[in-house]
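1. sequence plus predicted model, see below.
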Amino acid sequence: MSQPLLFLHVQDPELTTQLLQSDIVRRFVICKSQPDECWVEQMLRQSCDLALIEMDNPAPAQYELLQQSHVLSEIDFILISKGIPDLALDQLMRCGAGYHFRQPLDMNSVLDAVQDCYRQLSTVVVKRKVQTSDLDQFGLLVGSSAAMLRLYKTVRKVAVTEANVFIIGESGAGKELVANTVHLASHRADKPFVAINCGALSSELIDSELFGHVKGSFTGALRDHQGVFAQAEQGTLFLDEVTEMPLEQQVKLLRVLESGEYRPVGSNKVCMANVRVIAATNRDPLQAVADGILREDLYFRLSQFPVKVPPLREREADITGLAQHFLAYCNAREKQQKQLSDAALSLVAQHKWPGNVRELKHAVERAFIMADKLIEPHHLLLEVATSVEAVADIPADMPLDELEKAAIFAALERNCGNKTDTAQQLGISVKTLYNKLEKYQQES
């Protein structure tokens, strides 16, 4: 097999030298961009397998040219940026780039990514808008810790196979993001990704949700309905919290996995499923089998390739970076320049985060709403959440507007209705507090 072609657009001379001296980069035929011509046009003329691009003040026309071409879905990309939130770069990532490293660079991680691309060239499509400061990214996953870099490698290797994947991880750790990244890095990336929470399905309608139904098959079936197996045809079906599925339906699911056959409710027609199944659970699956809530034969059928998502406490190197990542996202969205104080970052680093990445994300979003310019520890509501019952009862997935409202009323209650003390505690002006209270009164 001929050597793969690497298109290199790097403006930093020191970085260029480091790359060209690397043994792994030398395994490619190198095509360097020329400064007197648009590097995108140069790259489009090459039949390259990998493009390593330093995104240093790219012109909007370059973004647009890349997005209009199909090259993003045909070759591997490794992007390097300064980490400044850039909506145009995020749009580019959504259209097809794979790895995105922020400066200052860990060259070992960059070269590991090059090595991965060399060993297993495959399409990676990214569809998630990301705003961040300094964390690396693969697909929809963000993080630079050793645990996450190991996860990236695992996902990349299994994605290009047809093996069923069983994702195991705590609530809020990012299991659906892993599932979606497996799909986006697979050969089914241009087909549907359909996710369904098995624990949220009613026992009366679960067969219909999974396999579909025909008009008139039961009371209320006013039209034909496609189940998730039909919706995900040729793509990927993600069964979240599969251990919560009733045993009766587990038997039917097992049959589909073994034979590929299923029958919509009320239909005599047997359909053949062409989907890749990815399942997930926040339980210990072997314990679920022992407890009799997960069929052993279904477990072994689903877990051709188990993937464990590390909890946030095992990603200590990512915690403060993720906080900055989510804050950068809020700043970009709201066109603000808010910052986390050193004390707030210290609290973020020390907190145990039982709700994992989801809890951290919501804490930063709450703090962003509460703070004017500088986010302090009390804006994060972490200590309040452990000592004040009213805040502790707030669900982790409550919308931001409702979280803000609950936090304001909880603070008013603590301060016996004193609006000056409440505003000071929440880090907002008294005028802002009055405006929000007036808004809530109008809504009620």
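-> Yes, it's here. Numbers count the residues shown, from 1 in each chain.

2. if residue 166 is in a bridge, with which residues?
-> Taking DSSP bridges, one obtains residue 279, residue 306 as the residues bridged to residue 166.

3. so what's the residue count around it?
-> 23 (other C-beta atoms under 10 Å). Using the backbone N, CA and C atoms, a C-beta is placed for each residue, glycine as well.

4. distance of it from residue 307?
-> From residue 166 across to residue 307, the span is 7 Å (C-beta to C-beta, to the nearest Å).

5. next secondary structure element downstream of the helix or strand bottoming out on mean pLDDT in the chain?
-> Sorting the helices and strands of the chain by mean pLDDT, DSSP states H and E puts helix 389-392 at the bottom, at a mean of 44. Tracing the chain C-terminally past helix 389-392 and defining elements by DSSP states H and E, one meets helix 400-414 next.

6. what packs against that following helix?
-> Helix 400-414 makes packing contacts with helix 356-370, helix 389-392, helix 419-426, helix 430-443 when contacts are defined by 3 or more C-beta pairs under 8 Å, 6 or more residues apart in numbering; DSSP states H and E.

7. for the helix or strand following the first one, name the packing helices and strands.
-> Think helix 356-370. Per DSSP H and E, the first helix or strand lying C-terminal to helix 356-370 is strand 374-375. Secondary-structure packing of strand 374-375 (3+ C-beta pairs under 8 Å, 6+ apart): strand 339-340, helix 356-370.

8. where does pLDDT dip in the stretch 51-200 of the chain?
-> Along the stretch 51-200 of the chain, segments meeting pLDDT under 70 span 56-61, 63, 66-74, 88, 91-97, 120-133.

9. next, the contact list for the spatially closest residue to residue 105 that is not a sequence neighbour, please.
-> Spatial nearest neighbour of residue 105, excluding adjacent residues (C-beta to C-beta, 6 or more residues apart in numbering): residue 80 at 6.7 Å. Residues counted as contacts of residue 80 (C-beta atoms under 8 Å, 6 or more residues apart in numbering) are 10, 15, 52, 53, 54, 55, 100, 101, 102, 103, 105, 110.

10. and residue 80, its phi and psi?
-> phi -130, psi 130 (degrees, to the nearest 10).

11. how near is it to residue 326?
-> To residue 326, residue 80 is 22 Å away according to C-beta to C-beta.

12. same question, residue 277
-> Counting by C-beta to C-beta, the gap from residue 277 to residue 326 is 31 Å.

13. what comes up buried for stretch 154-165?
-> Neighbour-count burial for stretch 154-165, counted by 16 or more other C-beta atoms under 10 Å, picks out 154, 155, 156, 158, 159, 164, 165.

14. can you map out the helices along the stretch 1-150 of the chain?
-> Taking DSSP state H, counting those that start in this stretch as the test, the helices found in the stretch 1-150 of the chain are 13-20, 39-45, 60-68, 87-95, 107-119, 146-159.

15. can you redo these as a markdown table with distance to residue 240?
-> Listed next are the helices of the stretch 1-150 of the chain as a markdown table, based on distance: least, C-beta to C-beta, whole Å:
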| stretch | distance to residue 240 |
| --- | --- |
| helix 13-20 | 40 |
| helix 39-45 | 38 |
| helix 60-68 | 31 |
| helix 87-95 | 23 |
| helix 107-119 | 27 |
| helix 146-159 | 17 |
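
16. so which of these is nearest residue 380?
-> helix 146-159 (23.1 Å; C-beta to C-beta).

17. same for the closest one, what does it pack against?
-> Right, helix 146-159 is packed against helix 107-119, strand 137-138, strand 141-142, helix 175-184, strand 305-308 by 3+ C-beta pairs under 8 Å, 6+ apart.

18. now these in CSV, with mean neighbour count and distance to residue 42?
-> Compiled in CSV, the helices and strands packed on helix 146-159 are given as follows (neighbours: other C-beta atoms under 10 Å; distance: least, C-beta to C-beta, whole Å):
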stretch, mean neighbour count, distance to residue 42
helix 107-119, 18, 20
strand 137-138, 24, 25
strand 141-142, 21, 30
helix 175-184, 24, 27
strand 305-308, 17, 38
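
19. kindly list the longest helix within this protein.
-> helix 316-334 (DSSP state H).

20. buried ones in that one?
-> Quick answer for helix 316-334 (16+ other C-beta under 10 Å): 318-332.
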